[in-house]
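Colleague: Structure for the following, please:
(chains A and B)
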Protein chains: 2
Amino acid sequence: MMEIRRALEADFEGIWEIFHEVVQGGDTYLYDPDTTKEQAYAIWMSKGLTTYVAVLDGQIVGTYILKPNHPGLGSHVANAGYMVKRGASGNGIGAALCEHSMEEARRQGFQAMQFNMVVSTNERAVALWQRMGFAIVGTLPKVFRHSRLGLVDAYVMHRFL
Amino acid sequence: MMEIRRALEADFEGIWEIFHEVVQGGDTYLYDPDTTKEQAYAIWMSKGLTTYVAVLDGQIVGTYILKPNHPGLGSHVANAGYMVKRGASGNGIGAALCEHSMEEARRQGFQAMQFNMVVSTNERAVALWQRMGFAIVGTLPKVFRHSRLGLVDAYVMHRFL
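Modeller: Here you go, the predicted model:
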(Lines give C-alpha, C1' and ligand atoms only; values in the text may rest on other atoms or scores of the structure.)
Protein backbone atom coordinates (compact mmCIF):
# COMPACT_ATOMS: atom_id res chain seq x y z
CA MET A 1 0.00 0.00 0.00
CA MET A 2 1.56 3.26 -1.12
CA GLU A 3 1.48 6.31 1.11
CA ILE A 4 1.90 9.86 -0.16
CA ARG A 5 2.89 12.41 2.48
CA ARG A 6 4.87 15.60 3.09
CA ALA A 7 8.61 15.03 2.82
CA LEU A 8 10.78 15.12 5.94
CA GLU A 9 14.43 16.16 6.06
CA ALA A 10 15.39 12.51 6.40
CA ASP A 11 13.69 11.72 3.09
CA PHE A 12 16.18 13.72 1.08
CA GLU A 13 18.58 10.81 0.57
CA GLY A 14 15.81 8.87 -1.16
CA ILE A 15 14.65 11.93 -3.07
CA TRP A 16 18.19 12.65 -4.27
CA GLU A 17 18.52 9.12 -5.70
CA ILE A 18 15.43 9.70 -7.82
CA PHE A 19 16.26 13.32 -8.67
CA HIS A 20 19.75 12.37 -9.80
CA GLU A 21 18.69 9.49 -12.04
CA VAL A 22 15.86 11.53 -13.60
CA VAL A 23 17.91 14.67 -14.20
CA GLN A 24 20.94 12.78 -15.50
CA GLY A 25 18.82 11.57 -18.40
CA GLY A 26 18.61 15.13 -19.75
CA ASP A 27 15.38 14.25 -21.48
CA THR A 28 12.55 15.43 -19.22
CA TYR A 29 13.64 18.23 -16.87
CA LEU A 30 15.37 21.54 -17.47
CA TYR A 31 17.78 21.03 -14.58
CA ASP A 32 21.38 20.59 -15.64
CA PRO A 33 22.16 16.84 -15.84
CA ASP A 34 25.17 17.54 -13.60
CA THR A 35 23.11 19.19 -10.87
CA THR A 36 24.82 18.48 -7.54
CA LYS A 37 23.17 17.09 -4.44
CA GLU A 38 23.38 20.50 -2.77
CA GLN A 39 21.76 22.19 -5.75
CA ALA A 40 19.08 19.51 -5.83
CA TYR A 41 18.31 20.17 -2.19
CA ALA A 42 17.93 23.89 -2.90
CA ILE A 43 15.67 23.16 -5.87
CA TRP A 44 13.46 20.43 -4.43
CA MET A 45 13.36 21.20 -0.70
CA SER A 46 13.31 25.01 -0.82
CA LYS A 47 11.13 27.07 1.51
CA GLY A 48 8.98 28.48 -1.29
CA LEU A 49 7.35 25.15 -2.08
CA THR A 50 5.97 21.99 -0.50
CA THR A 51 7.65 18.64 -1.14
CA TYR A 52 5.92 15.27 -1.03
CA VAL A 53 7.10 11.68 -1.25
CA ALA A 54 5.42 8.43 -2.22
CA VAL A 55 6.52 5.59 0.06
CA LEU A 56 6.03 1.94 -0.81
CA ASP A 57 7.31 -0.84 1.47
CA GLY A 58 9.43 1.70 3.33
CA GLN A 59 11.12 2.92 0.14
CA ILE A 60 10.71 6.30 -1.53
CA VAL A 61 9.46 5.54 -5.04
CA GLY A 62 8.32 8.99 -6.11
CA THR A 63 8.35 12.65 -5.17
CA TYR A 64 6.70 15.86 -6.22
CA ILE A 65 6.85 19.57 -5.46
CA LEU A 66 3.93 21.99 -5.38
CA LYS A 67 4.15 25.78 -5.56
CA PRO A 68 2.57 28.87 -7.07
CA ASN A 69 3.49 29.00 -10.74
CA HIS A 70 4.09 32.74 -10.40
CA PRO A 71 4.15 35.24 -7.54
CA GLY A 72 1.81 38.21 -7.31
CA LEU A 73 -1.02 38.39 -9.82
CA GLY A 74 -0.49 34.83 -11.05
CA SER A 75 -0.36 33.16 -7.63
CA HIS A 76 -3.79 31.51 -8.02
CA VAL A 77 -2.26 29.02 -10.48
CA ALA A 78 -0.25 26.13 -9.08
CA ASN A 79 2.75 24.43 -10.59
CA ALA A 80 4.03 20.97 -9.79
CA GLY A 81 6.89 18.69 -10.80
CA TYR A 82 6.88 14.93 -10.39
CA MET A 83 9.60 12.29 -10.38
CA VAL A 84 9.20 8.51 -10.18
CA LYS A 85 11.95 6.03 -9.36
CA ARG A 86 13.24 4.09 -12.35
CA GLY A 87 11.88 0.56 -12.30
CA ALA A 88 8.88 1.71 -10.26
CA SER A 89 7.31 3.68 -13.13
CA GLY A 90 4.39 2.17 -15.00
CA ASN A 91 2.69 1.25 -11.73
CA GLY A 92 0.41 4.24 -11.57
CA ILE A 93 2.71 6.17 -9.24
CA GLY A 94 2.79 9.21 -11.53
CA ALA A 95 -0.98 9.28 -11.72
CA ALA A 96 -1.30 8.88 -7.95
CA LEU A 97 1.16 11.72 -7.36
CA CYS A 98 -0.71 13.96 -9.79
CA GLU A 99 -4.08 13.16 -8.22
CA HIS A 100 -2.65 13.89 -4.79
CA SER A 101 -1.10 17.15 -5.95
CA MET A 102 -4.39 18.39 -7.38
CA GLU A 103 -6.15 17.67 -4.07
CA GLU A 104 -3.39 19.49 -2.18
CA ALA A 105 -3.51 22.40 -4.61
CA ARG A 106 -7.29 22.74 -4.18
CA ARG A 107 -6.87 22.59 -0.43
CA GLN A 108 -4.25 25.36 -0.61
CA GLY A 109 -6.71 27.50 -2.59
CA PHE A 110 -5.24 27.24 -6.08
CA GLN A 111 -7.74 27.55 -8.94
CA ALA A 112 -5.76 25.87 -11.69
CA MET A 113 -2.53 24.00 -12.34
CA GLN A 114 -0.02 24.66 -15.11
CA PHE A 115 3.06 22.78 -16.33
CA ASN A 116 5.37 25.15 -18.18
CA MET A 117 7.64 22.73 -19.97
CA VAL A 118 6.43 19.23 -20.80
CA VAL A 119 8.99 17.89 -23.24
CA SER A 120 7.09 16.89 -26.37
CA THR A 121 9.13 13.72 -26.89
CA ASN A 122 8.21 12.52 -23.39
CA GLU A 123 5.09 10.95 -24.84
CA ARG A 124 4.20 8.94 -21.76
CA ALA A 125 4.10 12.06 -19.63
CA VAL A 126 2.08 14.01 -22.19
CA ALA A 127 -0.46 11.17 -22.42
CA LEU A 128 -0.63 10.85 -18.64
CA TRP A 129 -1.30 14.55 -18.08
CA GLN A 130 -3.97 14.45 -20.77
CA ARG A 131 -5.63 11.52 -18.96
CA MET A 132 -5.44 13.60 -15.76
CA GLY A 133 -7.43 16.36 -17.44
CA PHE A 134 -4.66 18.66 -18.64
CA ALA A 135 -4.86 20.30 -22.05
CA ILE A 136 -1.99 21.46 -24.23
CA VAL A 137 -2.42 25.24 -24.27
CA GLY A 138 0.88 26.10 -25.88
CA THR A 139 3.65 24.61 -28.02
CA LEU A 140 7.08 26.13 -27.46
CA PRO A 141 9.29 25.55 -30.50
CA LYS A 142 12.70 24.01 -29.86
CA VAL A 143 12.93 25.29 -26.30
CA PHE A 144 14.32 22.10 -24.75
CA ARG A 145 17.90 20.91 -25.34
CA HIS A 146 17.36 17.13 -25.25
CA SER A 147 20.43 15.05 -24.42
CA ARG A 148 19.94 12.70 -27.41
CA LEU A 149 17.51 14.46 -29.76
CA GLY A 150 18.84 18.03 -29.72
CA LEU A 151 16.40 20.91 -29.69
CA VAL A 152 12.82 19.69 -29.29
CA ASP A 153 9.46 21.35 -28.64
CA ALA A 154 7.82 21.49 -25.26
CA TYR A 155 4.19 21.93 -24.29
CA VAL A 156 2.50 24.18 -21.79
CA MET A 157 -0.26 22.11 -20.16
CA HIS A 158 -3.09 23.44 -18.00
CA ARG A 159 -6.22 22.44 -16.20
CA PHE A 160 -8.64 24.14 -13.84
CA LEU A 161 -9.00 22.54 -10.40
CA MET B 1 18.36 61.38 -29.55
CA MET B 2 17.62 58.40 -27.35
CA GLU B 3 20.43 56.25 -26.00
CA ILE B 4 19.95 52.68 -24.79
CA ARG B 5 22.70 51.39 -22.52
CA ARG B 6 23.44 49.09 -19.57
CA ALA B 7 21.97 50.42 -16.34
CA LEU B 8 24.24 51.83 -13.64
CA GLU B 9 23.53 51.76 -9.90
CA ALA B 10 22.70 55.45 -10.07
CA ASP B 11 19.95 54.75 -12.61
CA PHE B 12 17.84 52.88 -10.11
CA GLU B 13 15.97 55.98 -8.91
CA GLY B 14 14.71 56.58 -12.42
CA ILE B 15 14.01 52.89 -12.98
CA TRP B 16 12.04 52.69 -9.73
CA GLU B 17 9.77 55.58 -10.81
CA ILE B 18 8.85 53.68 -13.95
CA PHE B 19 8.66 50.28 -12.26
CA HIS B 20 6.39 51.62 -9.55
CA GLU B 21 3.94 53.32 -11.90
CA VAL B 22 3.79 50.32 -14.22
CA VAL B 23 3.38 47.71 -11.49
CA GLN B 24 0.84 49.77 -9.54
CA GLY B 25 -1.50 49.50 -12.50
CA GLY B 26 -1.87 45.76 -11.88
CA ASP B 27 -2.73 45.27 -15.52
CA THR B 28 0.45 44.21 -17.29
CA TYR B 29 2.99 42.61 -14.93
CA LEU B 30 2.70 39.76 -12.42
CA TYR B 31 4.56 41.71 -9.73
CA ASP B 32 2.42 42.63 -6.74
CA PRO B 33 1.13 46.21 -7.23
CA ASP B 34 2.49 46.98 -3.74
CA THR B 35 6.01 45.81 -4.56
CA THR B 36 8.42 47.87 -2.48
CA LYS B 37 11.46 49.73 -3.77
CA GLU B 38 13.75 47.16 -2.15
CA GLN B 39 11.85 44.29 -3.79
CA ALA B 40 11.93 46.12 -7.12
CA TYR B 41 15.70 46.43 -6.84
CA ALA B 42 16.01 42.70 -6.19
CA ILE B 43 13.75 41.93 -9.16
CA TRP B 44 15.09 44.36 -11.74
CA MET B 45 18.77 44.78 -10.78
CA SER B 46 19.55 41.23 -9.68
CA LYS B 47 22.84 39.53 -10.58
CA GLY B 48 21.18 36.87 -12.71
CA LEU B 49 20.16 39.28 -15.45
CA THR B 50 21.28 42.36 -17.35
CA THR B 51 19.42 45.65 -16.96
CA TYR B 52 19.24 48.38 -19.58
CA VAL B 53 17.86 51.89 -19.66
CA ALA B 54 16.68 54.21 -22.41
CA VAL B 55 17.80 57.78 -21.80
CA LEU B 56 16.27 60.76 -23.56
CA ASP B 57 17.38 64.33 -22.73
CA GLY B 58 19.08 63.06 -19.57
CA GLN B 59 15.92 61.37 -18.33
CA ILE B 60 15.28 57.63 -18.03
CA VAL B 61 12.21 56.96 -20.17
CA GLY B 62 12.35 53.18 -20.38
CA THR B 63 14.08 50.11 -19.04
CA TYR B 64 14.35 46.44 -19.80
CA ILE B 65 15.86 43.29 -18.35
CA LEU B 66 17.35 40.37 -20.29
CA LYS B 67 18.01 36.88 -18.95
CA PRO B 68 17.80 33.19 -19.78
CA ASN B 69 14.15 32.16 -19.67
CA HIS B 70 15.17 28.96 -17.90
CA PRO B 71 18.39 27.55 -16.45
CA GLY B 72 19.98 24.32 -17.66
CA LEU B 73 18.54 22.73 -20.77
CA GLY B 74 16.41 25.77 -21.63
CA SER B 75 19.13 28.38 -21.29
CA HIS B 76 19.40 28.97 -25.05
CA VAL B 77 16.10 30.88 -24.95
CA ALA B 78 16.12 34.46 -23.68
CA ASN B 79 13.43 36.25 -21.74
CA ALA B 80 13.00 40.00 -21.46
CA GLY B 81 10.70 42.45 -19.72
CA TYR B 82 10.20 46.05 -20.81
CA MET B 83 8.80 49.13 -19.10
CA VAL B 84 8.22 52.57 -20.60
CA LYS B 85 7.59 55.77 -18.65
CA ARG B 86 4.00 56.92 -18.69
CA GLY B 87 3.62 59.87 -21.02
CA ALA B 88 6.64 58.75 -23.01
CA SER B 89 4.91 55.69 -24.46
CA GLY B 90 3.68 55.79 -28.03
CA ASN B 91 6.99 57.25 -29.19
CA GLY B 92 8.50 54.00 -30.34
CA ILE B 93 10.45 53.49 -27.13
CA GLY B 94 8.99 50.01 -26.60
CA ALA B 95 9.93 48.99 -30.13
CA ALA B 96 13.44 50.46 -29.73
CA LEU B 97 13.94 48.59 -26.44
CA CYS B 98 12.74 45.34 -28.00
CA GLU B 99 15.01 45.77 -31.04
CA HIS B 100 17.94 46.49 -28.75
CA SER B 101 17.17 43.48 -26.56
CA MET B 102 17.10 41.13 -29.55
CA GLU B 103 20.50 42.40 -30.66
CA GLU B 104 21.89 41.95 -27.15
CA ALA B 105 20.35 38.50 -26.89
CA ARG B 106 21.93 37.42 -30.19
CA ARG B 107 25.27 38.84 -29.03
CA GLN B 108 24.97 36.82 -25.80
CA GLY B 109 24.35 33.67 -27.86
CA PHE B 110 20.63 33.16 -27.32
CA GLN B 111 18.79 31.42 -30.15
CA ALA B 112 15.26 32.58 -29.41
CA MET B 113 13.27 34.87 -27.14
CA GLN B 114 10.13 33.99 -25.23
CA PHE B 115 7.65 36.07 -23.22
CA ASN B 116 5.83 33.86 -20.74
CA MET B 117 2.93 36.09 -19.77
CA VAL B 118 1.69 38.77 -22.15
CA VAL B 119 -1.63 39.86 -20.71
CA SER B 120 -4.22 39.37 -23.45
CA THR B 121 -6.03 42.62 -22.64
CA ASN B 122 -2.80 44.59 -23.12
CA GLU B 123 -3.59 44.85 -26.80
CA ARG B 124 -0.95 47.44 -27.58
CA ALA B 125 1.77 45.18 -26.25
CA VAL B 126 0.45 42.13 -28.09
CA ALA B 127 0.32 44.09 -31.35
CA LEU B 128 3.80 45.52 -30.78
CA TRP B 129 5.37 42.12 -30.15
CA GLN B 130 3.66 40.76 -33.24
CA ARG B 131 5.12 43.61 -35.29
CA MET B 132 8.51 42.74 -33.78
CA GLY B 133 8.19 39.20 -35.14
CA PHE B 134 6.82 37.35 -32.12
CA ALA B 135 4.09 34.75 -32.55
CA ILE B 136 1.50 33.70 -30.00
CA VAL B 137 2.48 30.09 -29.24
CA GLY B 138 0.21 29.57 -26.25
CA THR B 139 -2.92 30.94 -24.61
CA LEU B 140 -3.05 30.51 -20.84
CA PRO B 141 -6.65 30.64 -19.63
CA LYS B 142 -7.42 33.06 -16.79
CA VAL B 143 -3.89 33.02 -15.44
CA PHE B 144 -3.61 36.76 -14.79
CA ARG B 145 -5.48 38.53 -11.98
CA HIS B 146 -6.13 41.91 -13.61
CA SER B 147 -6.76 44.81 -11.23
CA ARG B 148 -9.92 45.93 -13.04
CA LEU B 149 -10.99 43.03 -15.25
CA GLY B 150 -10.51 40.06 -12.92
CA LEU B 151 -9.08 36.84 -14.30
CA VAL B 152 -7.94 37.25 -17.89
CA ASP B 153 -5.97 35.11 -20.35
CA ALA B 154 -2.32 35.64 -21.11
CA TYR B 155 -0.25 34.68 -24.13
CA VAL B 156 3.08 32.99 -24.47
CA MET B 157 4.92 34.74 -27.32
CA HIS B 158 8.06 33.51 -29.05
CA ARG B 159 10.44 34.25 -31.87
CA PHE B 160 13.71 32.84 -33.10
CA LEU B 161 16.63 35.27 -33.18
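
Colleague: which parts of chain A sit against chain B?
Modeller: Within reach of chain B by C-beta under 8 Å from any C-beta of the partner chain, chain A has these residues: A:26, A:29-33, A:35, A:69-77, A:111-112, A:114, A:116-117, A:137-147, A:151, A:156, A:158, A:160. Using the backbone N, CA and C atoms, a C-beta is placed for each residue, glycine as well.

Colleague: List buried residues within these.
Modeller: Among those, those classed as buried by 16 or more other C-beta atoms under 10 Å in any protein chain shown are A:26, A:29-31, A:35, A:69-70, A:72-77, A:112, A:114, A:116-117, A:137-138, A:140-146, A:156, A:158.

Colleague: In strands, which of those residues appear?
Modeller: With DSSP state E as the criterion, strands contain A:77, A:112, A:114, A:116-117, A:137-138, A:140-146, A:156, A:158 from among these.

Colleague: Just the closest of the residues you listed to chain B, please.
Modeller: A:Gly138 (1.9 Å; C-beta to the nearest C-beta).

Colleague: quick one, what contacts the closest residue to the closest one other than its chain neighbours?
Modeller: Spatial nearest neighbour of A:Gly138, excluding adjacent residues (C-beta to C-beta, 6 or more residues apart in numbering or on different chains): B:Gly138 at 1.9 Å. Counting by C-beta atoms under 8 Å, 6 or more residues apart in numbering or on different chains, B:Gly138 touches A:137-140, A:156, B:155-156.

Colleague: again with A:Met2
Modeller: With C-beta under 8 Å, 6+ apart, A:Met2 has these contacts: A:54-56, A:61, A:93, A:96.

Colleague: hmm, try it at 10 Å
Modeller: By C-beta atoms under 10 Å, 6 or more residues apart in numbering or on different chains, the residues touching A:Met2 are A:54-57, A:61-62, A:88, A:91-93, A:96-97.

Colleague: just A:Asp32 next, same as before
Modeller: The contact partners of A:Asp32, by C-beta under 10 Å, 6+ apart, come to A:23-24, A:26, A:39, B:71-73, B:75.

Colleague: quick one: least confident of those residues?
Modeller: Within the contacts of A:Asp32, B:Pro71 has the lowest pLDDT, namely 91.

Colleague: ok, so what distance separates it from chain A?
Modeller: Computed with C-beta to the nearest C-beta, to the nearest Å, the distance linking B:Pro71 and chain A is 6 Å.

Colleague: That's all I had, so thanks and see you.
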